[in-house]
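Chemist: Build me a model from this:
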Amino acid sequence: MPADLSLDLQFGEFAGAAAHRAVLKPARVRRWMAAALRGPAEIAVRIVGETEGRALNRQYRRKDYATNVLTFDYAREPVVSADLVLCAPVVAREARELGKPLEAHYAHLLVHGTLHAQGYDHETNEQEALEMEALEILLLGSLGYPNPY
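Modeler: Prediction:
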């Protein structure tokens, strides 16, 4: 686990935010993300509602819907610098649909976003997608969570 993770955990204003705050305690979020990091990092994590999530996805990815996690990576060396934005209503809906506890789904998405911040990509290269998925399974297992797939 890297000794140097600067974490800024933020919550936007949205209905039901208290339930997400209860799951996303800073120490827990730090543990999940640190497991996926290979070196020092400065990462802001913002938990948002559907309106903000949709606006960001539309602005930066040209997709007019809210998605579960967006990763904005600014630097990878010598320090990983990134913002992760998670859309709470989407995360909650997916967790229900998958029959997973909200905590386990957040752990998966934060590990997933942290890997993206370090250059992992599952959208353009099938081999990298398989490697990223295998690493997520391994990391989540080390954190006590089952295979997220």
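Chemist: For the protein, name the helix or strand with the lowest mean pLDDT.
Modeler: Here the helix or strand of the chain ranked lowest by mean pLDDT, DSSP states H and E is helix 126-142, holding a mean of 93.
Chemist: if we look at it, which residues are touching it?
Modeler: Here helix 126-142 makes contact (Cβ atoms under 8 Å, 6 or more residues apart in numbering) with 35-36, 104, 107-108, 111-112, 115, 120-123, 146-149. In short, each C-beta sits where N, CA and C put it, glycine included.
Chemist: Quick check: of the residues you listed, which has the highest neighbour count?
Modeler: His108 (28 neighbours; other Cβ atoms under 10 Å).
Chemist: wait, it sits on Tyr145?
Modeler: Yes. In this structure, His108 is within contact of Tyr145 by Cβ atoms under 8 Å, at 7.1 Å.
Chemist: Not including adjacent chain positions, what is the nearest residue to the most centrally placed residue in the chain?
Modeler: Centroid-nearest residue in the chain: Leu110, 2.6 Å away (criterion: Cα atoms, centre = their mean). For Leu110, ignoring the flanking residues on the chain, the nearest one in space by Cβ to Cβ, 6 or more residues apart in numbering is Trp32 at 4.8 Å.
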